[in-house]
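Chemist: Give me a model of this one.
(one chain, ligands or ions: 1)
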Amino acid sequence: MNTVCCYCGVGCGITVRKNKLGRLQVEGNKDYPVNKGMLCSKGMNLHYTANDYSDRLLYPEMRYNRNQPRRRVSWDTALERTAAVFKTLIEKYGPDSVAFYASGQCLTEEYYVVNKLMKGYIGSNNIDTNSRLCMSSAVAAYKRSLGEDSVPVSYEDLELADVIFVAGANPAWCHPILWRRVEAARQRNPLLKIIVSDPRKTQTVASADIHFQLNPGTDITLHHAIGRALIENGWVDTTFIREHTEGFAAYRETVFQRSIAEAALICGVAETDILQAARYINKAKGFMTMWTMGLNQSVIGVNKNLSLINLNLITGHIGKPGSGPLSLTGQPNAMGGREVGGLSNLLPAHRNLSKEQHRREVEDFWGIAPGTISPRPGLTATEMFEALEDGRLKAIWILCTNPLISLPDVRRAEAALKKAKFVVVQEISNKPETLQYADVVLPAAAWTEKEGTMTNAERRISLLNKINDAPGEALPDATIICRFARKMGFPGFDYESPAAIFEEHAALTGGTKMDISSLNYNILRQRNSVQWPFTTKHLAAADKEDQQGTKRLFENQQFFTPTQRAQLHSFPDVNQSEPLTPDFPFILTTGRIRDQWHTMSKTGKVNKLRQHISASFLEIHPEDAAALGINEDDLVAVSNPRGEVRVRAKLTDTIKKGVVFLPMHWGKLLGRDLVRANNLTNNLTDPQSKEPDFKYTAVAICRYRKP
Ligand code: SF4
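Modeler: Have a look, this model is predicted:
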C-alpha cells in the first residue's frame, strides 16, 4: 500500500508491504512524482522503526499526584478525568488557562480537529505547534510579500532553473531526495549555477559554484548587497517592478546605504563573489531561491526571508517555469498545519484571525455562536512554556512532539513543565522526556497505523493509507481528540472516518486562494497526489497534468495582496541576536546531521543510522581549538549562563573561525542532560513570527577537566 515518508518536508512516496511473517517492508514509490522510487537513508530504514514495538505506549495511564507512579486506566477514565480537569480550569481561570502543543508530524485531519476544538469550542487560540520552531518566519514573509502564505513553485522548478541560490540550508543532508534531483538536473544542464550561503562548508557546498561562508546573522546584508549589484548594473526587470510590485524606491534607497565592499566586509565574504552571483542571476532564464532554518530560525528571520524573496521580485523571477522562492519545511506536514490554521495566530484556509469577517466565516461553518473565536492571538510555542512558568497557563496537552529536547533554553521549559498544574502527553513512545511530567499519558497510533493526509513543501497533498493495526489500545490522534471533545460535551466531533474530517476541512477552503473543496480521498487515491489549489477545473480536466492541480502560482503575475502587487519590503540589516561578550565570545549554531531526524525518537532506534555519527560533537575551527588548547576528540565544555553541554571536539576548517556547531538531536543520556544543545540556546524570538533564534547563541568553550 502507498503512503508518504513521515520525516522531512520533501514528502517522498513510499510503498509498504507485509512479508510472510507480517513484518513491514518499505521501498520508494516509483510512480510518485516527488521521488520516483528514490529514498534517502532515513526513509529507506523506516521499516526498522515501524516493526519495532519495544518502546511503544500501549495503554492510557494516569496519576493523581506527581509523587505516584502512573497506572494503567481505561480510555474512558483517562479522557473523563482530563475533561473534568480542563472544565474546572476553564471555569475558574478562563479558556486561556489551557493549551495544546502539537506537531508538524500530525496529519492534516488531526491538526484540523485539535484546531477546531481549541478555537471553536474551548474558545482560546492557545494551539501552537513545533512548526513554530521551524518555518513560521517563512509563513510571515510570504504573507507580507505575496499576500498569503503561498509557496509559489514546484520542485520541478529546481530542475528548470539556471541559477539556484540555497540560503541557510543543507538540503544534501536534510532534504536529500530533493537535492538528488538538483544534482541530476546539474548533470543534464552543466550550465546550472548553484550559490550557497552558510557559515559551514556543508555537503551542499560541495556542489556550489559560489559559497558565501558568511558570518552568522549577516544574511540580510548579503542579500541587500546582491540586490544593489543587480540594480547598479541594470540587471533588474524594470517592467515587472513597475507593473507588479510596490516598494521599489524604498528598497533601492535601503540597499544603496551600504557599498558592496562594506557589505562584503560585514559578511566576511569576497566582494567579487557578490558581483559574480549577481552576474549569474542576470544571465539566468530561471532563478530559484531556496532556504530553511538558517534564515527562519533567527531573531530577524522574517526580514531574512523577505530580503531573499526581494531578489526574485526585482528580477521578475516568479510565476514562471524555473523561477521563484521555495521555503523548505523540516517536518512532513508543516504545510498541512498551516492550511488548517493550526498555529496560534491563524485560522483555517489561510484566513486571518484578526479579520472579523474571517472569524465569522469559520464560526458560521462550524455552527458556533458569533464571537466564539477570539481575535486575540494565542500563545506561541515558547510563550506557552513561559506562561506555564509564571502561572498564567495551568494545563498543557502535548501531542506528537518532544519539547524537552527541541525547545530553546530547554531547562527553563523543563522547569515550566514541573510547575504546570496538569500535563497530558499523547505519544507513541515511552521514551520522551516529557513523560516524567505527565499526569495523563495517551497512547497514539504510529505512521502506518492510521489514515490521513499530509502536504509537502510544494503544496502537494497525499493520502497516507492505514497498513497495520496499532498495538495495545493505541488510537489515531484524531480519534483521541474527537473522543475528548465529546467528553467535554461539544457537538461537531462525530466523524465517521478521517475521510469525513478531510471533507469538512476541504469544504472550509471553498472560495479561498487554497481552494481544495472539490478534493476527497477517492480523488487522491485515483490521482496519487495533487497540488493545491485544486478546483472544479482540475477535477474535470482532460489533460493529465491539469488533473494534478496547480503546479505554479502567480503565472498571471497577480499576487494575493489587496493591490495584486507583490510587496518589496525594506528594513535595516542589523542583527538583533544576543551579543557576544569577552566571557562568551563564540557563536554557537545548531542543526541536523544526515542520518538523524529531530529528537531521534524514531531514527535513534536504527543501528544503521547510528553508524554514520554515533554521538554528539562540537565542530570547532582548528585555530580556535589551538588557542584554547583543545585537540581532536577532547571532551569540551560549551557553556553560558543558561547551561552547559559536554561533548567531544571535532576540529574542522569547514566551519568559520569564531563559530561552533552542535547537532540538535541528542537528549538526555543515562539520566544526564549534558548533550542537549538546547541547554544553551536562548528564548529570543523574531517579533513578527515568534520563531526562536537557534542559529546564534553566545557561548564559552574550554577543555573539560574533572573538578
Ligand atoms: Fe523521507 Fe525526506 Fe528522505 Fe524523502 S528526503 S525519504 S521525505 S527523509
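
Chemist: Can you tell me the centre-most residue of the chain?
Modeler: Centroid check for the chain by C-alpha atoms, centre = their mean gives C134 as the closest residue, at 3.4 Å.

Chemist: and the closest residue in space to H358 that isn't next to it in sequence, how far is that from A381?
Modeler: Distances taken as C-beta to C-beta, 6 or more residues apart in numbering place R351 nearest to H358, at 3.7 Å, with adjacent residues excluded. Just so you know, the C-beta spots here come from the backbone N, C-alpha and C atoms, and that holds for glycine as well. Noted for R351: a distance of 21 Å to A381, by C-beta to C-beta, to the nearest Å.

Chemist: What are the neighbouring residues in contact with the residue in the stretch 401-550 of the chain that the ligand sits nearest to?
Modeler: Closest residue of the stretch 401-550 of the chain to the ligand, C-beta to the nearest ligand atom: N456 (7.8 Å). By C-beta atoms under 8 Å, 6 or more residues apart in numbering, the residues touching N456 are 4, 9-11, 34, 329, 332, 335, 462.

Chemist: Over to E503?
Modeler: For E503, the contacting residues are N520, by C-beta under 8 Å, 6+ apart.

Chemist: If we go by neighbour counts, what in the one helix or strand it maps to is buried?
Modeler: Using DSSP states H and E, the element containing E503 is helix 498-508. For helix 498-508, the neighbour count (16 or more other C-beta atoms under 10 Å) marks 498-499, 501-506, 508 as buried.

Chemist: now stretch 665-674
Modeler: For stretch 665-674, using 16+ other C-beta under 10 Å, the buried residues are 665-667, 673-674.

Chemist: again, but for stretch 572-589
Modeler: Of the residues in stretch 572-589, 573, 575-578, 584, 586-589 count as buried by neighbour count, 16+ other C-beta under 10 Å.

Chemist: So V340 sits against T108, correct?
Modeler: Yes: using C-beta atoms under 8 Å, V340 is in contact with T108, at 6.1 Å.

Chemist: In the stretch 51-200 of the chain, which residue sits nearest the ligand?
Modeler: Taking C-beta to the nearest ligand atom, the stretch 51-200 of the chain has I177 as its residue nearest the ligand, at 3.8 Å.

Chemist: quick one, which of R351 and A381 is more surrounded?
Modeler: Legend: neighbour count by other C-beta atoms under 10 Å for R351 and A381, higher for A381 (29 against 18).

Chemist: Tell me the confidence at the more buried one?
Modeler: As predicted, A381 sits at a pLDDT of 96.

Chemist: residue contacts, it?
Modeler: Per C-beta under 8 Å, 6+ apart, neighbours of A381: 101, 128-130, 132-133, 403, 407, 690, 692.

Chemist: contacting residues around T292?
Modeler: For T292, the contacting residues are 135, 168-169, 171, 174-175, 327-330, by C-beta under 8 Å, 6+ apart.

Chemist: Let's see if you can find the most crowded of the residues you listed.
Modeler: Counting by other C-beta under 10 Å, top hit in the contacts of T292: M135 with 33 neighbours.

Chemist: Isn't that one up against N296?
Modeler: Yes: contact criterion C-beta under 8 Å: M135 and N296 qualify, at 5.7 Å.
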